[in-house]
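> What shape does this take:
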Amino acid sequence: MKHLKRSFLPLLVIVMLLCGAMTTMAAAADPTEEPGTKMIECPDCGTVGICMSCYGLDEACEACGGANVCATCGGTGYVESPSQFYNSFWSLLPPIIAIALALITKEVYSSLFIGILVGGLLYSNFGFEGTVLHVFQGGIVSVLSDSYNVGILVFLVILGAMVCLMNKAGGSAAFGRWAQQHIKSRVGAQIATIILGCLIFIDDYFNCLTVGSVMRPVTDKHRVSRAKLAYLIDATAAPICIIAPISSWAAAVAGFAEDGQGLSLFIRAIPYNFYAILTVVMMVAMALMKVEFGTMAIFERNAEENGDLFSGPNPYAMMDEEMVEDKGRVLDLVLPIVVLVICCVIGMIYSGGFFSGTGFVDAFSGSDASVGLMLGSAFALVITVVYYFIRRAMSFRDMMGCIPEGFKAMVPAILILTFAWSLKAMTDSLGAKYFVRDFVQGNAASMQMFLPAIVFVIGCLLAFATGTSWGTFGMLIPIVQNVFSMDNPLAIVCISACMAGAVCGDHCSPISDTTIMASAGAQCDHVNHVSTQLPYAFTAAAVSFAAYIVAGFIPNAVVALPVAVVMMLATLAVIKKIHGRSAA
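From the prediction side, this is the model:
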């Protein structure tokens, strides 16, 4: 009877929680969906509306007095935000300040922290104690307590260790020697990087660090600047994942869309994802046409003429290990990378329930990238260590020494990611997404033909300011679905514009985790990567904006996509002509 009682009480609590949640939902609609809302979820009950101290089981409960009602929200599940700046333009001020300072001062750590501090000040209405608590408890500690974020950090550390192992085993040096024989030019090195980036479409995090590890020796040999390598990595990460049906990004879109039609919408929207497609076209065309412009042209000229790959100090100098020239083989690099790919795919479908009976497509679309990549990389690391041990590529002590070395090498990326996540937490706590949502619904719905272009710009700005593409299209896609019926051809164009704008803003933003990891993958100074990449990203964005205007009037991919590609190639031809004249 005692065992029955123990098992019955948790069940009773769960039933009461569900009943309380249904009662709250029936009593009132979600107040956060109302225009101009100042309401947030109750921090104590999380919209359930019942007492979380006793769950209604203690009549003498001091918190609710036995009434089973949350004392904080009075049973509504929502409370008013403590910040008077909530859901206003001021909610975008922290990322704007952080981005501006990073571009002006070229110092990313202090810029991000100042942005976080501004967010804390706005949230606490400039109170000292509230600012300190929100910056650390609601920001830094909160994001480092999130299991998804910790999984990504573990994945980064393991990849850093694997890169160090491949270097010490001589795999990178051996691949460099092989590449020297088979890749004969700078153009070939860039095209090879693009092809590899397109092949690794599973996840953008994985793409950034894997492509960087494999292609650095090749691009260094042919004097391609690290800034250009970082651009190629970044431009084949999110832009490729957003047009690949089997990727973590497809899974995210499938989850954000309503009515369970996410994967279908994702596939139908691919031909209209102009920014992603034009970015690939632009990379290939620039390599073949030998077009460089903006600050990237300076970095490329320094690399090609002077052998200066960084145009300044190497921020990842600690990663430069002595290569074992004699013992290394190409297989020492290729095998760990192949094992890593296979293990990460298995890890992702495992996290989606594939081994519990879920189909492959459903498992992949429902996967948790953080769990899958963390588990996959951990198994890949063990297999790599065993392989090197059997091959006697290095001693066991040296292999174990690569683990802390890999951790140290990833400290810059980990620190920037932590600050970027904390800055996003500040903007979330200030209701930035609701401010943008109200702006879209209030200003864009009446201009249907121009709506794809408008949504694209809003997605760019929001993702640029917040550094998150998933959060951006996760908010904009449901809005588009509310504005349009899915039978309307413009609906698919606008959904694609949501995703394209989110990727574009994420691609440009210095606080984006993908941008940060592209810098880490190329071992390039982060601010240099951002400043050299912006002119290229803006060019692709401008042509994409024009393409979305065309698609707004002619929502047919057979017409709009070729027009977009022609506009992109014509733009590059004009830029080459202008740049050639200025150089002369």
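> make it CA atoms for all contacts and neighbour counts henceforth
Will do.
> Who are the packing partners of the host helix or strand of residue 112?
Secondary structure from DSSP states H and E places residue 112 in helix 108-123. Under the contact definition 3 or more C-alpha pairs under 8 Å, 6 or more residues apart in numbering; DSSP states H and E, helix 108-123 sits against helix 93-105, helix 128-135, helix 411-429.
> and residue 414, what does it touch?
When contacts are counted by C-alpha atoms under 8 Å, 6 or more residues apart in numbering, residue 414 touches 153, 156.
> where does the nearest residue to residue 151 once chain neighbours are set aside land on pLDDT?
On the basis of C-alpha to C-alpha, 6 or more residues apart in numbering, the spatially nearest residue to residue 151 that is not a chain neighbour turns out to be residue 370, at 5.0 Å. In this prediction, residue 370 carries a pLDDT score of 78.
> Can you list the helices and strands that the helix or strand harbouring residue 370 packs against?
Residue 370 belongs to helix 369-391 when elements are defined using DSSP H and E. Contacts of helix 369-391 with other secondary structure elements, assessed using 3+ C-alpha pairs under 8 Å, 6+ apart, are made with helix 147-169, helix 331-351.
> low pLDDT regions in the stretch 201-350 of the chain?
Across the stretch 201-350 of the chain, the ranges flagged by pLDDT under 70 are 202-203, 206, 245-264, 315-326.
> ditto for the stretch 51-200 of the chain
Scanning the stretch 51-200 of the chain for pLDDT under 70 picks out the ranges 56, 63, 65-66, 103, 106, 176, 180.
> Output the below-cut-off pLDDT ranges for the stretch 451-584 of the chain.
Answering for the stretch 451-584 of the chain: the residues below the bar, that is pLDDT under 70, span 471, 474-475, 478-479, 481-486, 580-584.
> Helices along that one, start to end?
Taking DSSP state H, counting those that start in this stretch as the criterion, the stretch 451-584 of the chain contains helices spanning 451-466, 469-483, 489-508, 513-522, 526-553, 557-583.
> residues touching the closest residue to residue 524 other than its chain neighbours, list them.
If you skip the residues right next to it in sequence, residue 524 has residue 226 as its closest partner in space, 5.5 Å away by C-alpha to C-alpha, 6+ apart. Going by C-alpha under 8 Å, 6+ apart, residue 226 touches 220, 309-310, 522-524.
> Relative to residue 370, how far out is residue 226?
Taken as C-alpha to C-alpha, to the nearest Å, the spacing of residue 226 relative to residue 370 amounts to 27 Å.
> can you check residue 98 too?
Relative to residue 370, and taking C-alpha to C-alpha, residue 98 is found at 26 Å.
> what do you get for residue 90?
On the measure of C-alpha to C-alpha, residue 90 and residue 370 end up 32 Å apart.
> and the two? which has more neighbours close in?
residue 370 (23 against 18; other C-alpha atoms under 10 Å).
> if I read this right, the more buried one contacts residue 154, doesn't it?
No: the pair residue 370 and residue 154 fails to qualify as a contact (C-alpha atoms under 8 Å) at a distance of 9.1 Å.
> how is this protein carved up into domains?
With automatic domain parsing as the criterion, the domains of the chain are listed as 18-80, 89-144.
> list the helices and strands the helix or strand where residue 397 lies packs on?
Remark: residue 397 resides in helix 396-409, with elements defined by DSSP H and E. Here helix 396-409 is seen to pack against helix 147-169 when contacts are counted using 3+ C-alpha pairs under 8 Å, 6+ apart.
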